[in-house]
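*Asks:* Structure here, sequence nowhere to be found:
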C-alpha cells in the first residue's frame, strides 16, 4: 500500500517541477524579446538623428561609395546660388515646393562639384559635397568648335576608366562616376570643347552640411532628420568640360625654309666695270707724279 501511495506523490512532484521550469522559460523569453525590441528602437532612433533612417532617406547608405567604390580626388566645394522654385515632381507654393511624397523641395543651381576629363568625350565627376547626391542626368553642349551639332550622352559606354556610370547614380560624398559625350555622325572635322552639365538631387537633413548650407531661404523651418528638404537643380560649376577631336589632331605646317642659291660662277652676274679693258700704260710711266 505504501508503494502505491508513493507513486502518485512522485508523479505530482515531477509535474510540478515541469510546470515551474516552463514558467521560468516563458518569463526569460519575454524578457529577452523585450530587450531586443528596445535595442532595435535605439538603433533606429540614432540612425534617424544622423539622417540615415529609412524614413528620411531610403538609400542613404547605398549607391556609389556604399558599394566599395574608391573615393575620388579633387578640390574643395564652393558656393551655390539658391532660389525657391518648382520641383519637377511637385507644385510651387509661396513657402517652397511640396513633392508628392510630402517632402518640401527647393530649386538650387550652381552647386560646385569637381572632376577631370578622362578621355575623348569622357568626364569623371566627383561629388565633393558632404551630402550624398543623385545624378539624375548629364547633358552636353558644344562650347567651341568648327560647328555646334547636338551632342548626346552614351552614359560613358565608350569610356574605359573603370568607374560606375553617372546616369541615375547615387554618389556618396567624395566618390565619383563617369559620363560620356558623343557627336552625331557627319560632324565636321576639328576640335570640339564641350560643356558638361549635371542635373542633381540632394536630400538635406542638416542645414550646416554642403550643399545645404548654401540655401539662403528654406521657405519655412530648416531641414531636420524628421523633416528633410529635397534640393534639386543643375550645375556646370567645376564640372570638367570634355574634348572630342574629329578627323585627328591638326598638324602644324612649318614655314618653308628658303635655301640660298650657292655662290657659283654660273650664278654670278658681272658688273659693267668688269667688261671694260684696262688702259695701256707707257713704258717708264709712273702711277704717281713726283713734285
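*Replies:* Thanks, I have the structure now. None of these values were measured; they are calculated from a predicted model.
*Asks:* Strand partners (parallel or antiparallel) of the host helix or strand of residue 105?
*Replies:* Under the criterion DSSP states H and E, the helix or strand holding residue 105 is strand 104-109. Take DSSP bridges as the rule and strand 104-109 pairs in its sheet with strand 81-82 (antiparallel), strand 96-99 (antiparallel), strand 229-235 (parallel).
*Asks:* Where in this protein is the helix or strand with the lowest mean pLDDT?
*Replies:* Of all helical and strand segments in the chain, the minimum by mean pLDDT, DSSP states H and E falls on strand 90-93, at a mean of 32.
*Asks:* Shouldn't residue 10 be within a strand?
*Replies:* No - going by DSSP: H, G, I helix; E, B strand; the rest coil, the assignment for residue 10 is helix, not a strand.
*Asks:* Just give me the neighbour total for it.
*Replies:* Other residues lying near residue 10 total 9 when counted by other Cβ atoms under 10 Å. Quick note: C-beta positions are derived from backbone N, CA and C, even for glycine.
*Asks:* do the same with residue 127
*Replies:* The local packing count at residue 127 equals 34, with neighbours defined by other Cβ under 10 Å.
*Asks:* Quick one: residues contacting it.
*Replies:* For residue 127, the set of contacting residues under the criterion of Cβ atoms under 8 Å, 6 or more residues apart in numbering consists of 113, 133, 171, 172, 173, 174, 175, 176.
*Asks:* Which one (most neighbours) among those residues?
*Replies:* Neighbour counts for the contacts of residue 127 were taken using other Cβ under 10 Å; the highest belongs to residue 176, with 29 neighbours.
*Asks:* Tell me the bridge partners for that residue.
*Replies:* The residues paired with residue 176 through beta bridges, assigned by DSSP bridges, are residue 126.
*Asks:* Would you tell me what the next helix or strand after the strand holding residue 105 is?
*Replies:* Towards the C-terminus, the helix or strand next in line after strand 104-109, according to DSSP H and E, is strand 114-117.
*Asks:* so is residue 149 in a helix, a strand, or just coil?
*Replies:* The local conformation at residue 149, judged by three-state DSSP, is coil.
*Asks:* Residue 142 is in contact with that one, correct?
*Replies:* Yes - at 6.7 Å, residue 149 counts as touching residue 142 under the criterion of Cβ atoms under 8 Å.
*Asks:* These two: which is more packed in?
*Replies:* residue 142 (19 against 16).
*Asks:* and that one, that one's in a strand?
*Replies:* Yes - using three-state DSSP, the secondary structure at residue 142 is a strand.
*Asks:* give me the number of residues near residue 218?
*Replies:* Neighbourhood size, residue 218 [other Cβ under 10 Å]: 19.
*Asks:* List phi and psi for it.
*Replies:* Backbone dihedrals for residue 218, given as degrees, to the nearest 10, come out at phi -80, psi 0.
*Asks:* Relative to residue 207, how far out is the residue nearest to it when sequence neighbours are not counted?
*Replies:* By the measure of Cβ to Cβ, 6 or more residues apart in numbering, the closest residue to residue 218 outside its immediate chain neighbours is residue 229, 6.3 Å from it. To residue 207, residue 229 is 9 Å away according to Cβ to Cβ, to the nearest Å.
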